[in-house]
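Trainee: Predicted model and sequence below, questions to follow.
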Amino acid sequence: MVAGWVTGLAGGSASWSQPPLLKPSATLLRSLQRFERDLQALDLAVPGDPQAMDPRAAAPDGEILELLQAPSAGAIPTTTATVSVVRRVSLNLPTALEVAVRNDPDLAAQVAAVNERQGWLTSVRGRFWPELALLVSGSTSQSQTTNRVGEDNVGIYPAGSPFLVEPNGWNRIQENLQIGVAGLGLDWELVSFERNSALAEAKNELSASRQRYANRLRQLQLDVSLAYYGLQLAEQLRRVRQVVLSNDSLIREEVQALKQSGLVPRLDLLRAEAELQQSRYRLEQAEALRASRERQLSNLINVPFDITVTAPEAIALQPPWPLDLQQTLIQGFNDNPQLLALQAARDALLRQADRRAAELLPSLRLFAQASVAEVLSNKPVIDLQGCCAATNIPELYSQSADWAAGLQLRWRLFDGGVTSGAAAASRAAAVRTEQTLARERNSIRQRLEAAFFDHRAALGQIVASRASYAASREAFRDVRARHQLGLADYTDVSTTIRLLTQAMEGVAESITLANVSYSQLLRELLPVPNEPGQPVSLPLVLEPAGGASTRPSRATPTAQPTPQTRTTPPARWRAAAPPKG
């Protein structure tokens, strides 16, 4: 019985064999040929050719920088025409960074903060010099007095004396006065413990504001780089998904024709339709993402309201990070503007506490004053009835001159705890700032470690994604040949194309992730000036000492000139643009 079952199985094998595949469609073959051409075009961008983006490109055209001048800080759009995008400007990343340095509102605010603190420091320094003041005053007044004699002075003065006051005598006098005074006053604080602490506090606050300016430059480099890389990725995804949609549309049309001829079941048509709709959905996502990233970059670098910035280059991989993790951490902590700003802020609070405590200490100042005065007295009304005839002059002009000089010692002995409480509050604020410093130190380490690990992982992902892309590319060639021979149907073709496009997107995404993590590492190590007015260079690549130097940016934030400080990067490494090839 078993033998009969085996014989029946062998004899029925012919009826169970797979039916022959359908003849390949000429339309689908033409679609595959066009897809092959599209792949050749995409191949120039997706693998991340280092030649695709060269940050050492020529300096941006002055007309471009003039076109992308920032709108007025107080300008608010009021009409739809104002915010309608009518121009698209293509920028490479170095030019976008230069425009950002010129236009960034936060960086301009930090420049103003540095100028503000510089002004306060100048103000405190002025307290070491004497204060000279011109004193001028003038006034006009009128008065009227009436006197009545309560008890006369008969017997004190002889009869007929002009000073004799008669019994029941009285007088009424109206007097007009015109007074003019001019003088010079000198006030010089010779000894003041509070003033010295105030000077140290102002210096520390200025140092903190300069470091915050430098930190904003670092953050600006990261923000613009992330926005630019994101825009590049969105543009690349849109290109890939546009090609996929075109091919899925042709496949769906082919399957629909086969279905109408009764050669394929309805299930195949539904699958093809589902693939097409998914491709449309993903393309719309990519187009929306590209539009959003364009506006993000345009708003970040603060271009005019009617301009949108686009990215012309394909995605390119930056060189590997040149430092190991331990070197990265040490260099990240070295001269870090975030840490230096917090240290300066803490020191400023300690000096503020000293200044407030010094208010209880004695201070010595020199004062001097000299003045001249003129007085014109006019009495138009003098009514005398037996009183005070000798003391009244109808009109009198007088001059006077005086001077005074001396030392003034001021020593506050008791103020009910006002000064000690204020000093304690400043010291507590310094302790709070020091804890913020510790938290920021740990945050910097966490960011560096996370970015370092992400960068190493991204480099491995790039290798894997490129290998996947190469395999998918060969699989596409095989399935195309098999389809031409009738050995593969449209389902095999569709699946292979989907895997290929996923690999293409994986290459672009892994390169973008590597560049993003590179920029995050560079954000904590980028050498930048801490003085507004100095030339700003925001390189994209960090190389060991001895590599090619970078082209400095021409962008310079507007500020009052201030003394220069050392901004040279450590000797072990320096920033540079990536080499060609």
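Mentor: The structure has been received and is ready for your questions. In this text the structure is predicted, and so the values were computed from the model without any measurement. Numbering: from 1, shown residues only.

Trainee: burial measure for Asp248, as a count.
Mentor: As a burial measure, Asp248 scores 26 neighbours (other CB atoms under 10 Å). No exception for glycine: its C-beta is placed from N, CA and C like everyone else's.

Trainee: what about it, which SS state?
Mentor: helix (DSSP: H, G, I helix; E, B strand; the rest coil).

Trainee: just Ala182 next, same as before
Mentor: Ala182 ends up strand, using three-state DSSP.

Trainee: thought it was touching Gln369?
Mentor: No - using CB atoms under 8 Å, Ala182 is not in contact with Gln369; the gap is 11.6 Å.

Trainee: which neighbours do these two share?
Mentor: Leu135 (CB atoms under 8 Å, 6 or more residues apart in numbering).

Trainee: Give me the phi and psi angles of Phe163.
Mentor: Backbone torsions of Phe163, given as degrees, to the nearest 10, read phi -90, psi 0.

Trainee: now Asn92
Mentor: phi -90, psi 170.

Trainee: so what pLDDT did it get?
Mentor: With respect to pLDDT, Asn92 has a value of 90.

Trainee: how close does it get to Arg212?
Mentor: Counting by CB to CB, to the nearest Å, the separation of Asn92 from Arg212 is 29 Å.

Trainee: Among these two, which residue is more densely surrounded?
Mentor: Arg212 (21 against 17).

Trainee: give me every residue that touches the residue located most distally from the centre of the chain.
Mentor: The centre of the chain is farthest from one residue, Ala159, which by CA atoms, centre = their mean lies 95.0 Å away. If you count contacts by CB under 8 Å, 6+ apart, Ala159 has none.

Trainee: now it, what's its secondary structure?
Mentor: coil.

Trainee: Roughly how far does it sit from Ile315?
Mentor: When Ala159 is compared with Ile315 (using CB to CB), they lie 122 Å apart.

Trainee: helix or strand for the closest residue to Ser377 other than its chain neighbours, which one?
Mentor: Nearest residue to Ser377, sequence neighbours excluded (CB to CB, 6 or more residues apart in numbering): Leu396, at 4.3 Å. Using DSSP states H and E, Leu396 sits in strand 395-410.

Trainee: What pairs with that strand, parallel or antiparallel?
Mentor: Partners of strand 395-410 in the sheet, by DSSP bridges, are strand 363-385 (antiparallel).

Trainee: tell me the mean pLDDT over the strand it pairs with?
Mentor: On average, strand 363-385 scores 90.

Trainee: what's the answer for stretch 404-417, then?
Mentor: Rounded mean pLDDT across stretch 404-417 is 90.

Trainee: likewise stretch 333-340?
Mentor: 94.

Trainee: end to end, how far does that stretch reach?
Mentor: 10 Å (CA to CA, to the nearest Å).

Trainee: Would you mark the buried spots in it?
Mentor: Neighbour-count burial for stretch 333-340 flags 335-340 (criterion: 16 or more other CB atoms under 10 Å).

Trainee: Just give me the closest of the residues you listed to Glu201.
Mentor: Using CB to CB, Leu340 comes nearest to Glu201 of those, at 16.7 Å.

Trainee: leaving aside the residues next to it on the chain, what's closest to the closest one?
Mentor: Gln211 (4.3 Å).

Trainee: Now for the buried residues of stretch 333-340: which two are most distant?
Mentor: Pairwise across the buried residues of stretch 333-340, and taking CB to CB, the largest span is found between Asp335 and Gln338, at 10.6 Å.

Trainee: This structure: strands as residue ranges?
Mentor: Here the chain has its strands, by DSSP state E, at 87-90, 131-148, 170-192, 307-310, 363-385, 395-410, 541-544, 573-576.

Trainee: Could I get the phi/psi values of the residue farthest from the centre of the chain?
Mentor: Given degrees, to the nearest 10, the pair of backbone angles that Ala159 has is phi -60, psi 140.

Trainee: quick one: pLDDT of it?
Mentor: 78.

Trainee: And it, how close does it get to Val165?
Mentor: Taking CB to CB, one finds Ala159 at 12 Å from Val165.

Trainee: Spatially nearest residue to the most centrally placed residue in the chain, not counting backbone neighbours?
Mentor: Taking CA atoms, centre = their mean, the centroid of the chain lies closest to Asp106, which sits 4.1 Å from it. Distance criterion CB to CB, 6+ apart; nearest residue to Asp106, sequence neighbours excluded, is Arg216 at 5.7 Å.
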